[in-house]
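Colleague: Provided below for reference: sequence and predicted model.
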Amino acid sequence: MPFKRFSRRQFARIASWSALGISMLSARSSMAQSDQATGIQNQKVLGFPNGFLWGTATSSYQVEGAVNADGRGPSIWDRFAHTPGAISDRSNGDTATDHYRRYKEDIRLMKALGAKAYRFSIAWPRVFPQGVGSPNPKGLDFYNRLVDELSANGIEPFATLYHWDLPQALQDRFGGWTSRDTSKAFADYAAHVTARLSDRVKHFFTINECSRLVHLGHGLGADAPGLKLPQSGLNQVRHHVALGHGLAVQAIRAHGRAGTRVGPAENAVSCIPAIETPANIHAAEIATRELNAGYLTVMMEGKYPEAHLARAGNNAPKFTADDLRVISSPIDFVGLNVYTPDHYVVAADNERGFSLAPFPASFPHMKASWLRPGPEAMYWVPRHVAKLWNVKSIYITENGTSASDQPAADGTIYDVDRIMYLRNYLTQLQRATSEGVPVLGYFLWSLMDNFEWSDGYEQRFGIYHVDFDTKRRTPKLSASFYRETIARNAVA
């Protein structure tokens, strides 16, 4: 294809491919095949609403590194990651991907993808090294620089206030989330950050994955702070986390600029009808409400379902009516992290109205054994949330997969397993939006390989490969796939 025959759109695509590390020959071949399938592309475009937002996501402890820089205090993950036996490869997040120093380079990678949004988290101990008290101006300066650089590159910032890196000082002083004092401290931190960033950041997520930070961090001891509480203590932590969300919503309302929007980012327990019959679909809706009782249900309804409290019995959390009013403070959107089906549901003639089908041993999984691919989760989870609670705005705040990611002889990482996963999940998301499920955007997890919590650096979720010794970023084939997906669905 002679250069003079490139359209402006084609030239932009070639430039972005170059930034992604794709050869001109490959770009021409891909473009030729793409242009021959215009009809198919147009059909795909119809599946997503105008203005649908395509983005990527990371979190502070997983990418920033620089744990001792510019006055940052220690977090519970700093302490936990340095505990012998806590991390499978004996690593930690001390340097991670060095995003703290390389953020401009990483923003260029986002721009090369054509991404229009970036979901990042703010490290609470950077802003308040002791969790409360005097703020650290240098800590917030980093996020000011990050937000300004994103805006200069046409990328909208979406900030998460808590992605699990609680200041260690609050764990030592209050017992962390075992105390409602931490819920109150979280609201003060949220107020401080929102007052200073909401002139440019219009979307704030309160807490990422309440269910994981409670269950793995306080029940199984597999995440920071590594506690194994009895059921009564675990239920109380769950309540304090939900209360922290509600107090933060109120703080953001009070201190944010006009137009600031807020909501949670939750990995809702995903309940999928095993067969799509009306009875099974209804049963899956019942299961969704019941199995998310301690998080989304109480946030959206302002009450714990009676069945939930009855099953807890003497282990039920202690709370007040005012707590419930705070927890259910009105929100603007719901963020959903969707990776895998948690349950396949069938209708049943029992007191619950449903039963959960067991997963057979032959059910497939990705590189991470827990990640069982079930693309239909991307359709049913937002659909259930929209229907059950009349939610009008939903973001898919995380979706992605680990993969083997072994470079081929030519140095390329042909992660076709990740592409298979993403293609199928996005097809189901397209199904949802085409039926009117109000999903406004999608954040791929993750922009780049990073510190994957208790798995250390053994699991890679990025579409950019990171050499953890040199910190060099290299696009995988999935980066090209995501770039093409964004380009195909861009509004002209």
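Modeller: Now that the structure is in, tell me what you want to look at. Numbering: from 1, shown residues only.

Colleague: Please make it C-alpha for all contacts and neighbour counts, starting now.
Modeller: Noted.

Colleague: what does the helix or strand hosting His308 contact?
Modeller: Using DSSP states H and E, His308 sits within helix 306-312. With contact meaning Cα atoms under 8 Å, 6 or more residues apart in numbering, helix 306-312 is reached by Glu290, Ala293, Ala316.

Colleague: Nearest to Asp467 among those?
Modeller: Distance to Asp467 across those (Cα to Cα) is lowest for Ala293, with 41.1 Å.

Colleague: okay, now the closest one: neighbour count?
Modeller: 22 (other Cα atoms under 10 Å).

Colleague: any low-confidence regions in the stretch 351-492 of the chain?
Modeller: 491-492 (pLDDT under 70).

Colleague: so where do the helices sit in it?
Modeller: For the stretch 351-492 of the chain, helices defined by DSSP state H, counting those that start in this stretch occupy the ranges 377-389, 416-434, 477-488.

Colleague: would JSON lines of the ones you listed with distance to Phe359 and mean neighbour count be doable?
Modeller: JSON lines is the format used below for the helices of the stretch 351-492 of the chain (distance: least, Cα to Cα, whole Å; neighbours: other Cα atoms under 10 Å):
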{"stretch": "helix 377-389", "distance to Phe359": "15", "mean neighbour count": "21"}
{"stretch": "helix 416-434", "distance to Phe359": "19", "mean neighbour count": "19"}
{"stretch": "helix 477-488", "distance to Phe359": "29", "mean neighbour count": "20"}
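
Colleague: Mind putting these into CSV with distance to Phe354?
Modeller: Below are the helices of the stretch 351-492 of the chain laid out as CSV (distance: least, Cα to Cα, whole Å):
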stretch, distance to Phe354
helix 377-389, 15
helix 416-434, 24
helix 477-488, 37
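
Colleague: Would you confirm that Ser329 contacts Gln250?
Modeller: Yes - counting by Cα atoms under 8 Å, Ser329 does reach Gln250; the two are 7.0 Å apart.

Colleague: remind me which residues of the stretch 1-150 of the chain are low pLDDT?
Modeller: Short version for the stretch 1-150 of the chain, where the test is pLDDT under 70: 1-47.

Colleague: circling back to that earlier point, list the helices and strands the following helix or strand past the helix holding His308 packs on?
Modeller: Next along the chain after helix 306-312, taking DSSP H and E as the criterion, comes helix 321-327. The contact analysis (3 or more Cα pairs under 8 Å, 6 or more residues apart in numbering; DSSP states H and E) places helix 321-327 against helix 231-255, helix 298-301.

Colleague: avg pLDDT for the shortest one?
Modeller: To tie it back to what came earlier, the one meant is helix 298-301. Here helix 298-301 scores 98 as its mean pLDDT.

Colleague: Give the buried residues for the helix or strand hosting Ala187.
Modeller: Taking DSSP H and E as the definition, Ala187 sits inside helix 180-197. Neighbour counts over helix 180-197 (16 or more other Cα atoms under 10 Å) mark 180-194, 197 as buried.

Colleague: hmm, which two among those are most spread apart?
Modeller: Arg180 and Leu197 (25.9 Å).

Colleague: Turn the contacts of helix 306-312 into JSON lines, columns for pLDDT and distance to Phe80.
Modeller: Formatted as JSON lines, these follow (pLDDT from 0 to 100; distance: Cα to Cα, whole Å):
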{"residue": "Glu290", "pLDDT": "97", "distance to Phe80": "32"}
{"residue": "Ala293", "pLDDT": "98", "distance to Phe80": "29"}
{"residue": "Ala316", "pLDDT": "98", "distance to Phe80": "28"}
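
Colleague: All the strands of the protein, in order from the start?
Modeller: 53-57, 117-121, 156-162, 203-208, 261-266, 271-273, 334-337, 343-347, 354-357, 394-398, 439-445, 464-466, 473-475 (DSSP state E).

Colleague: can you tell me which residues contact Gly246?
Modeller: Met299, Val326, Ile327, Ser328, Ser329.

Colleague: Gln406: neighbour count?
Modeller: Neighbours of Gln406 using other Cα under 10 Å come to 12.

Colleague: Touching, it and Ile413? I think so.
Modeller: Yes - using Cα under 8 Å, Gln406 makes contact with Ile413 at a distance of 6.0 Å.

Colleague: And Ala409, how far from Arg311?
Modeller: 56 Å (Cα to Cα, to the nearest Å).

Colleague: of these two, who's got more company?
Modeller: It is Arg311, of Ala409 and Arg311, that has more neighbours when counted by other Cα under 10 Å, with 10 against 7.

Colleague: Report pLDDT for the more buried one.
Modeller: 95.

Colleague: Just grab the bridge partners of the residue positioned nearest the centre of the chain for me.
Modeller: Centroid-nearest residue in the chain: Glu398, 3.4 Å away (criterion: Cα atoms, centre = their mean). For Glu398, the beta-bridge partners under DSSP bridges are Asn337.

Colleague: Test my guess that it contacts Met378.
Modeller: No - in this structure, Glu398 is not within contact of Met378 by Cα under 8 Å, at 10.8 Å.

Colleague: what's the nearest residue to Ala191 if we skip its chain neighbours?
Modeller: Ala251 (5.0 Å; Cα to Cα, 6 or more residues apart in numbering).

Colleague: what about the one you found, how many neighbours?
Modeller: Look at Ala251: counted by other Cα under 10 Å, it has 20 neighbours.

Colleague: Contacts only, for the nearest residue to Ile76 once chain neighbours are set aside.
Modeller: Using Cα to Cα, 6+ apart and skipping the chain neighbours, the partner closest in space to Ile76 is Gln168 (4.8 Å). Residues in contact with Gln168 (Cα under 8 Å, 6+ apart) are Gly73, Pro74, Ser75, Ile76, Arg79, Gln130, Gly131.

Colleague: what's the closest non-adjacent residue to Tyr162?
Modeller: Nearest to Tyr162 is Ile207, by Cα to Cα, 6+ apart, at 4.8 Å.

Colleague: can you tell me which residues contact the one you found?
Modeller: Counted by Cα under 8 Å, 6+ apart, Ile207 has contacts Thr160, Leu161, Tyr162, His163, His245, Pro264, Ala265, Glu266.

Colleague: what do you get for Gln171?
Modeller: Ile76, Trp177.

Colleague: per-residue confidence at it?
Modeller: 98.
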